[in-house]
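*Asks:* Sharing a sequence plus its predicted fold:
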Amino acid sequence: MVTASVPPSAELHLHIEGTLEPELVLALAERNGVELPYRDAAQLRAQYEFTDLQSFLDLYYANMAVLRTVEDFADMTRAYLARAAAGGVRHAEIMVDPQAHLVRGVDLETCIGGIAGVLETSEEEFGVSTLLVAAFLRDRPADEALGVLEDLLAMDAPIVGIGLDSAEVGYPPSLFVALYERARAAGLRRIAHAGEEGPPSYVWEALDLLGAERIDHGIRSLEDPALVDRLVTERTPLTVCPLSNVRLRAVDTLGDHPLPEMLRRGLNVSVHSDDPAYFGGYLDDAVGAVTRTFDLSVADRARLAANSVRSAFLPPARRDALLEEIEEWAAG
Ligand code: ADE
Ligand code: ZN
C-alpha cells in the first residue's frame, strides 16, 4: 500500500469564522440581503493581501456580517467539516469568537446553537470528532469577556474550554486573569494565542498568569532560551500555523519559518491551519507545504500528527485509536 500523502491528524487551531470561503460569503450575503463591496468571489479573494495580523482581522470581522441565522452558522460548520475530513482531519477543536457576533446583534443561541448543532453529529456524519472552544477577543474589554463567559456557562453552552485571540500586541494575557480564573473554576480547559506577533513575555504570562495548557502559535518563544527550556520540560503544546505566519508576514517566506528549529529544540509542536479560507489552505495543504519546503520524512509527519493528537483534549480511547491510525499510516 502507498502511504497517503497526509497522516490522520487533529486540527487544534482553527477559527470557524476563518473557514468562510469567498463563495459562501457571497451566497450568505445574497440569502440575507447583506450588501457587500465585492461583485464576485474573485474580487473578494483579491483583497487577501495582508500586511500583518490587523489587516487580516479587519476583513475577517467585516465578512462576518453575512452570518445572521442558525442556518448560516450551521452551513459554515458543515462546509468546514466536509473539507477537513477530505484532508485527513479526524478530530477538530474549533474556536468561535462569540463577541464578534454579539457586537453585531447576533445572540449566543444563534451562533453557538448553529455550530454546536452540527458538531453534535460530526463523528457519524464526517468521521471527525469535535470539541468547541469559545475564544475571547483580547482587544475588547476584559469585563465584557467575563460577562460573555458567564452567559455561556448560564446557557450550559457545550464548550470544552476558552481561548484568547484577535489583535495581540498591546493586549497582554495579564489583562485576562479573572476570565481564566473563572474558566478554571468552571472546569474548562485553557488555551491562549501568544507569541504570534507579541513578545515571549506574553507566552510566559499565558502560562504563569492564565494557566494556559496550550499555546496557539508561540513561534516567538524561540527568542527566549529560558522559555524554550520551560516549554520543552513541560511539553506544552504549541499549535503552529505556517501558512498563516507567511500570509500575515510573521515570517518572510515558508522557508524562513521556525518549524524545523522548533522540532530540533524538542518543542511539542503540531501544524494547523488557523483561518484556512484566508491563508491559502487547510490542514492537509499546510502539512503538504511544510513537507515540500523542509523535505519532511514520513516519520517527521507522523510525529507532527501524533503531537496534535496527544495535545488534544480527547478521551484516552479516541486518542489511542487515532495514534494507532497514525502508526498504520506511517507503516504504509
Ligand atoms: N483570529 C482569527 N485568526 C487569528 C489569528 N491568527 N491571530 C489572532 N486572532 C485571530
Ligand atoms: Zn488563531
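*Replies:* Structure's in. What do you need? Ligands and ions are numbered 1, 2, ... in the order given.

*Asks:* Show the contacting residues for the closest residue to ligand 1 within the chain.
*Replies:* Nearest residue of the chain to ligand 1, counting by CB to the nearest ligand atom: Asp165, 3.5 Å away. Where C-beta positions appear, they are placed from N, C-alpha and C, glycine not excepted. For Asp165, the set of contacting residues under the criterion of CB atoms under 8 Å, 6 or more residues apart in numbering consists of His15, Met95, Asp97, Ala135, Phe136, Leu137, Arg138, His193, Asp216.

*Asks:* Dig out what Arg190 forms beta bridges with.
*Replies:* Taking DSSP bridges, one finds Ile162 as the beta-bridge partners of Arg190.

*Asks:* Roughly how far does it sit from Asp284?
*Replies:* Going from Arg190 to Asp284 by CB to CB, to the nearest Å gives 28 Å.

*Asks:* do the same with Tyr171
*Replies:* Distance of Tyr171 to Asp284, given as CB to CB: 32 Å.

*Asks:* And Arg230, by the same measure?
*Replies:* Per CB to CB, Arg230 is found 32 Å from Asp284.

*Asks:* Of those two, which one has the most company?
*Replies:* The residue with more neighbours, out of Arg230 and Asp284, is Asp284; 21 against 16, by other CB atoms under 10 Å.

*Asks:* So for the more buried one, what pLDDT did the model give?
*Replies:* In the predicted model, Asp284 carries a pLDDT score of 97.

*Asks:* what does Arg318 give?
*Replies:* Arg318 carries a pLDDT value of 98.

*Asks:* Doesn't it lie inside a helix?
*Replies:* Yes. Counting by DSSP: H, G, I helix; E, B strand; the rest coil, one finds Arg318 located in a helix.

*Asks:* Please name the nearest non-neighbouring residue to it.
*Replies:* Counting by CB to CB, 6 or more residues apart in numbering, the nearest residue to Arg318 once its immediate chain neighbours are dropped is Ser129, at 6.0 Å.

*Asks:* what's the closest of the contacts of Asp165 to Asp275?
*Replies:* The closest of the contacts of Asp165 to Asp275 turns out to be His15 (CB to CB; 5.4 Å).

*Asks:* Which positions in the stretch 201-332 of the chain make contact with ligand 1?
*Replies:* Along the stretch 201-332 of the chain, the residues adjacent to ligand 1 under the rule CB under 6 Å from any ligand atom are Ser244, Asp274, Asp275.

*Asks:* now these as TSV including neighbour count, pLDDT and secondary structure?
*Replies:* Written out in TSV, the entries for those read as follows (neighbours: other CB atoms under 10 Å; pLDDT from 0 to 100; DSSP: H, G, I helix; E, B strand; the rest coil):
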residue	neighbour count	pLDDT	secondary structure
Ser244	27	98	helix
Asp274	28	98	strand
Asp275	22	98	coil
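
*Asks:* can you pull out the strands in this protein?
*Replies:* For the chain, the strands defined by DSSP state E occupy 9-15, 89-96, 129-137, 161-165, 189-194, 214-217, 237-240, 268-271.

*Asks:* Okay, angle between the first one and strand 189-194 too, please.
*Replies:* This means strand 9-15. Put simply, strand 9-15 runs at 60 degrees to strand 189-194, going by axes from the mean of the first three to the mean of the last three CA atoms, to 10 degrees.

*Asks:* Is strand 9-15 positioned near ligand 1?
*Replies:* Yes. Strand 9-15 lies within reach of ligand 1 by CB under 6 Å from any ligand atom, at His15.

*Asks:* And the contacts of that strand?
*Replies:* Strand 9-15 is contacted from outside by 60, 80, 84, 88-97, 135, 165, 214, 216-217, 237, 239-241, 270, 272-276, 283, 287, 304-305, 308-309, 311-312, 314, 322, 326, using CB under 8 Å, 6+ apart.

*Asks:* 7 Å instead?
*Replies:* 84, 88-95, 97, 216, 239, 241, 270, 272-275, 283, 305, 308-309, 311-312, 322 (CB atoms under 7 Å, 6 or more residues apart in numbering).

*Asks:* now swap in the fifth one and tell me
*Replies:* Residues from elsewhere that reach strand 189-194, judged by CB under 7 Å, 6+ apart: 133, 160-165, 168, 173, 180, 183-184, 202-203, 206, 210-218, 313.

*Asks:* From those, keep the buried residues only.
*Replies:* Judged by neighbour count, with 16 or more other CB atoms under 10 Å as the criterion, the buried members of the contacts of strand 189-194 are 133, 160-165, 168, 173, 180, 183, 202-203, 206, 210, 212-218, 313.

*Asks:* Chain neighbours aside, what residue packs nearest to Met95?
*Replies:* Leaving out its chain neighbours, Met95 is closest to Ala135 (CB to CB, 6+ apart), at 4.3 Å.

*Asks:* For the one you found, the count of nearby residues, please.
*Replies:* Counted with other CB under 10 Å, the burial measure for Ala135 works out to 27 neighbours.
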